[in-house]
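K.L.:
Show me how the following folds:
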Amino acid sequence: MVRGLFLSTLVLACSGAIAQPKANNKEFSWGVGIAAIAQDQGYIDIGNETVLVPALAIQYGNFSLLGPRANYKIIHTENYEISLTGHLRLDGYEADDADFYAGMEDRDMSFDMGVSAELDTDFGEFGLELIHDLTSTHEGYEVSVSFGTPIRFEKGTVKPYISASYESEDLVDYYYGVSATEARTNRPLYQGDGSVSYEVGVSSDWFFGKHHMLKADVSYTSYASEIKDSPLIDKSGSAQIILGYVYVF
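P.N.:
Okay, the predicted model is just below:
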């Protein structure tokens, strides 16, 4: 699970590091730093893990690479944008994470790619994303919608948000299912189905001068019954806290 936490921190701790606009939007910019993440994904006998990891961000024109997430803006105006997006899916576990998973196959990360759209209105920011597995890992797809209301201060932004994500049957079954060959007395056969999960959280980015950025995020994802009923899960959702610092060059 540390592998997933490591990459998750990279994308979340970096995402605001180079968000401030430059005078020349073709200017190359990058940042490095460090971040800590505490997360509990709800898998049995794994529980909460806290790790300290490095962070990296790169941006040039319409292209950005933020941790394991790449984004290229196809259309970009003052109020909306449409982008090609690709990122590592950080779900999963390894069989040696706990004795409970003995006899299970590892559930690996995937690289998912698709399109995303963002609309900025007087009421807040709306988002839509459709991505599909390109690595034939889970062979599924996910559709997400989100809404956030950024509150801007002199030195930063606080953004409360909500989101809903539909994960396809193949995706849910891969990460939360138990196959016939993996089934045991304490781990019965389980076939995952398509699921809608809801997330609520607050993200914040704080800038001090041109080079220093602090990030503090907290979020909770509520699982639907298709995930909660899995014999691999013993919680109703996933909680996460992130604290990070990035130096922007």
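
K.L.:
Can you list the low-confidence ranges for this protein?
P.N.:
1-26, 67 (pLDDT under 70).

K.L.:
Specify the residue positioned farthest from the middle of it.
P.N.:
Thr185 (33.2 Å; CA atoms, centre = their mean).

K.L.:
all strands of the chain, in order?
P.N.:
In the chain, the segments counted as strands under DSSP state E are 28-40, 49-60, 63-66, 69-76, 80-89, 110-120, 125-133, 141-148, 151-152, 156-167, 195-208, 212-222, 237-248.

K.L.:
who's the closest residue to Asn62 other than its chain neighbours bridged to?
P.N.:
Nearest residue to Asn62, sequence neighbours excluded (CB to CB, 6 or more residues apart in numbering): Lys73, at 4.1 Å. Quick note: C-beta positions are derived from backbone N, CA and C, even for glycine. Bridge pairing for Lys73 (DSSP bridges) gives the partners Ser83.

K.L.:
show me the contacts for Lys73.
P.N.:
By CB atoms under 8 Å, 6 or more residues apart in numbering, Lys73 lies in contact with Asn62, Phe63, Glu81, Ile82, Ser83.

K.L.:
could you dump the residues you listed to TSV with distance to Asp234 and neighbour count?
P.N.:
Below are the contacts of Lys73 laid out as TSV (distance: CB to CB, whole Å; neighbours: other CB atoms under 10 Å):
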residue	distance to Asp234	neighbour count
Asn62	43	16
Phe63	41	13
Glu81	40	17
Ile82	40	15
Ser83	37	20
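
K.L.:
gap between Gln39 and Gly194?
P.N.:
24 Å (CB to CB, to the nearest Å).

K.L.:
If you count surrounding residues, which of those two has more?
P.N.:
Set Gln39 next to Gly194 and count neighbours by other CB atoms under 10 Å: Gln39 wins out with 21 against 16.

K.L.:
Count the residues that sit near the nearest residue to that one once chain neighbours are set aside.
P.N.:
Taking CB to CB, 6+ apart, and ignoring the residues beside it in sequence, Gln39 has Gln240 as its nearest neighbour in space, at 4.4 Å. By the measure other CB under 10 Å, the count of residues near Gln240 is 21.

K.L.:
Just to check, Gln240 is in contact with Val218?
P.N.:
Yes - counting by CB atoms under 8 Å, Gln240 touches Val218, with 7.2 Å between them.

K.L.:
In this structure Val53 contacts Ile34, no?
P.N.:
Yes - using CB under 8 Å, Val53 is in contact with Ile34, at 7.1 Å.

K.L.:
more neighbours, these two?
P.N.:
Between Val53 and Ile34, Val53 has the larger neighbour count (other CB under 10 Å), namely 19 against 15.

K.L.:
For that one, give its distance to Gly42.
P.N.:
When Val53 is compared with Gly42 (using CB to CB), they lie 21 Å apart.

K.L.:
before we move on, back to that, looking at the contacts of Lys73, which two lie furthest apart in space?
P.N.:
Phe63 and Ile82 (14.4 Å; CB to CB).
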